[in-house]
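Participant: When you get a sec, could you give me coordinates for this:
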Amino acid sequence: MKRNRYIITMLALGTVLYSSCKHDYLEVQTIKADITTDKLYSNYTYVQQQMWTTYSYLPDGFADLDLDAATDEAEATNSVERVQTFNYGTWNQYTNPDDVWAKNFDGIRQANLFLKNKGTIDINYIKDKITSTDSTTYFNARNNVKFMEGEALFLKAYFYFELVKRYGGVPIFEQPLDYNDAASWKNVQRNSVDECVKYISSLCDKAAAIIPANLSSYSWYDAGRVTQGAIKALKAKALLYGASPLFTSNGSTTTWAMAASALHDVIALGSYSLDGNYSNLFGSNNTTSGEVIFYRRYGATNNIEYNNFPIVFQNANGNSVTPTENLVNDFEVLTKSGGTITGSVPFDWNNPAHAAAPYANRDPRFAATVVYNGASFKSTTIETFFGGNSGLPRQNATKTGYYLSKWVNQSVDLVNATTTVHSWIYFRYADILLGYAEAMNNAYGADADPQGYGMTALQAINRVRARSTMPALTAAQLNQTAIEHERNVELSFENNRLWDVRRWKKGTTYFSKPANRIDITSAGVYSVKKLEDRVFTQKMDWYPIPQAEISKTGWTQNPGW
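Facilitator: Numbers count the residues shown, from 1 in each chain. Purely as a prediction, here's the structure:
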């Protein structure tokens, strides 16, 4: 019988916990500290625990939810939240609120330790214990060791992707160098952006050759572990980035056609489909959705709800990440005739009909993402107008006039401290379709399919829109602006915007504009006001390499820093 167990990331050997101090989602399991590396990697049980430890270096999605407030999507209510350093432009090579350099190189070391020592893993003791003709346990262990090699390759690729999308070219390590040993890094050189993208792709190809596309006959392979879909999705996303303007202007030779091919490979698996209900993707049962490709399960928590419930609810702490008017403006207005949807238009405050009922007939993804003035939340009408139950000047009320709905589970009772399961989605099918639309449109145009993939760019983006009952775009409407719009409304608060805008080299377009709020009077008068100015300059397309590494290696710093 298949075990109903999920990969919940663990720590071992005193590894440092990498998550925001106020968000602790990881369950900790330790291995005796006095075990030598040789003994550790020869012991099958210990090796499995080390593999779970390697998973723990994956991004902590909910702890990093505040990073969306370093984009035009959101604002952090807490005035001392780390993202304000980004927004004020006061970060640098000495102080970076999102410095993941050490974390990811430690993860790479963990993966490399497994890859170096995989041949020493001893499972003979399992064979020696067999007293019947049933050798299932031994063969399962043998397959598991092989599959763990695929997992290690995938995880290493993921950690490199996390580094490259931030810092550009980084050193490629085939051996488990100790990040904390300065001497081992002294003469290391950075690889180029192009070499890094190709390396990530090659690791994914190796992993995909190990992890079977169909795991149904391996009932012991736990839900939440790496699948071939996850591997192909990572490769596709890396190549999508590699084909984007920031990467190609820094030497990447990846083409849009190559990215389109990799994205098609995920689609061609036939394993994934769009969920019929967009909101399902962010609830407690989202891992059962056919749209979810790879995720991180956190178990039963309520941190997200304590932080993001509207302030009217007792015990809501006001550490919220709230949508800006910039994002809200991006949700289209449906046009209807006799209740039938006939089209959609951009929202416009200068349109009297829009201004009179600003939240009526919006793209359905709006209500699934944003809690707005007049919305019902836990059977309570939320008032974000000045003096309202969740509006200023109440302490810790939203600064933007909105609260976050996506990821927030209304079933949680903050008074009685109830909890619910949360799972962060790393990859989902809609993201793949939108990436495919972008790559195909750039490679071949809106409605061409010269490779015979069976789907055009236009068809892909319209599938995503149709799921949310949004009218289809025409070929004439499909351009880069439409793609950027669709990614923003579909994937907001999923840790995409920070990187999409950078890879498009549009940071000075989107992130240097003021963040806006909605000001509402008790009489129902709405007006858009500037919340704060934001600072973003071209050098911020790449993060600076930590100065400690520059001092140690003598590398040239990223341009402008």
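Participant: From the centroid of the chain, which residue is nearest?
Facilitator: Asn495 (4.2 Å; Cα atoms, centre = their mean).
Participant: and it, what is it in contact with?
Facilitator: Residues touching Asn495, when contacts are defined by Cβ atoms under 8 Å, 6 or more residues apart in numbering, comprise 59, 61, 64-65, 67-68. Any C-beta I mention is one placed from the backbone N, CA and C, and that applies to glycine too.
Participant: Equivalent analysis for Ser527, please.
Facilitator: Taking Cβ under 8 Å, 6+ apart, one finds 518-519 in contact with Ser527.
Participant: where does it land in three-state SS?
Facilitator: Using DSSP: H, G, I helix; E, B strand; the rest coil, the three-state assignment for Ser527 comes out as strand.
Participant: How far does stretch 57-67 sit from its chain's centre?
Facilitator: Remark: stretch 57-67 is offset 8 Å from the chain centroid, using Cα atoms, centre = their mean, to the nearest Å.
Participant: start to end distance for that stretch?
Facilitator: One end of stretch 57-67 sits 18 Å from the other (Cα to Cα, to the nearest Å).
Participant: residues making contact with that stretch?
Facilitator: Counting contacts by Cβ under 8 Å, 6+ apart, the residues outside stretch 57-67 that touch it are 9, 18-20, 23, 25-26, 76, 81-83, 98, 100, 103-104, 106-107, 110, 155, 158-159, 162, 296, 298, 303-304, 321, 407, 422, 424-426, 493, 495, 498.
Participant: Of those residues, which belong to strands?
Facilitator: Using DSSP state E, 76, 296, 298, 321, 422, 424-426 are the members of those that sit in strands.
Participant: Let's have those residues in JSON lines, adding neighbour count.
Facilitator: Output for the ones in strands among the contacts of stretch 57-67, formatted as JSON lines (neighbours: other Cβ atoms under 10 Å):
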{"residue": "Ala76", "neighbour count": "22"}
{"residue": "Arg296", "neighbour count": "24"}
{"residue": "Tyr298", "neighbour count": "23"}
{"residue": "Val321", "neighbour count": "26"}
{"residue": "His422", "neighbour count": "25"}
{"residue": "Trp424", "neighbour count": "23"}
{"residue": "Ile425", "neighbour count": "21"}
{"residue": "Tyr426", "neighbour count": "21"}
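Participant: Now stretch 458-467: buried residues?
Facilitator: Taking 16 or more other Cβ atoms under 10 Å as the neighbour-count basis, stretch 458-467 is seen to contain the buried residues 458-465, 467.
Participant: Which residues does it contact?
Facilitator: With Cβ under 8 Å, 6+ apart as the test, stretch 458-467 has contacts from 274-276, 278, 430, 433-434, 436-437, 440-441, 446-447, 471-475, 478, 482-483, 486, 490.
Participant: Centre of the chain to that stretch, how far?
Facilitator: On the basis of Cα atoms, centre = their mean, stretch 458-467 is displaced by 21 Å from the centre of the chain it belongs to.
Participant: Using CSV, write out every CA atom in it.
Facilitator: Output of stretch 458-467 as CSV, limited to C-alpha atoms (Å, rounded to 0.1, in the frame of the first residue of the first chain):
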residue,chain,number,x,y,z
LEU,A,458,-2.0,32.3,-29.2
GLN,A,459,-3.7,29.0,-28.3
ALA,A,460,-1.5,28.6,-25.2
ILE,A,461,-2.2,32.0,-23.7
ASN,A,462,-5.9,31.7,-24.5
ARG,A,463,-6.1,28.3,-22.7
VAL,A,464,-4.9,30.1,-19.6
ARG,A,465,-7.3,33.0,-20.1
ALA,A,466,-10.2,30.6,-20.8
ARG,A,467,-9.8,28.8,-17.5
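Participant: what is the mean pLDDT for it?
Facilitator: For stretch 458-467, the mean pLDDT works out to 98.
Participant: and what of stretch 363-374?
Facilitator: 98.
Participant: Give me the contacts around it.
Facilitator: Residues contacting stretch 363-374 (Cβ under 8 Å, 6+ apart): 278-279, 282, 310, 323, 327-328, 331-334, 344, 359, 375, 377, 381-385, 388, 391, 401-406, 468-470, 489-490, 492-493, 518, 520.
Participant: mind checking pLDDT for Arg3?
Facilitator: 38.
Participant: Among the contacts of stretch 458-467, the buried ones, what's the PyMOL command?
Facilitator: In PyMOL, selecting the buried portion of those, with burial taken from 16+ other Cβ under 10 Å, looks like this:
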select buried, resi 274+275+278+430+433+434+436+437+440+441+446+471+473+478+482+483+486+490
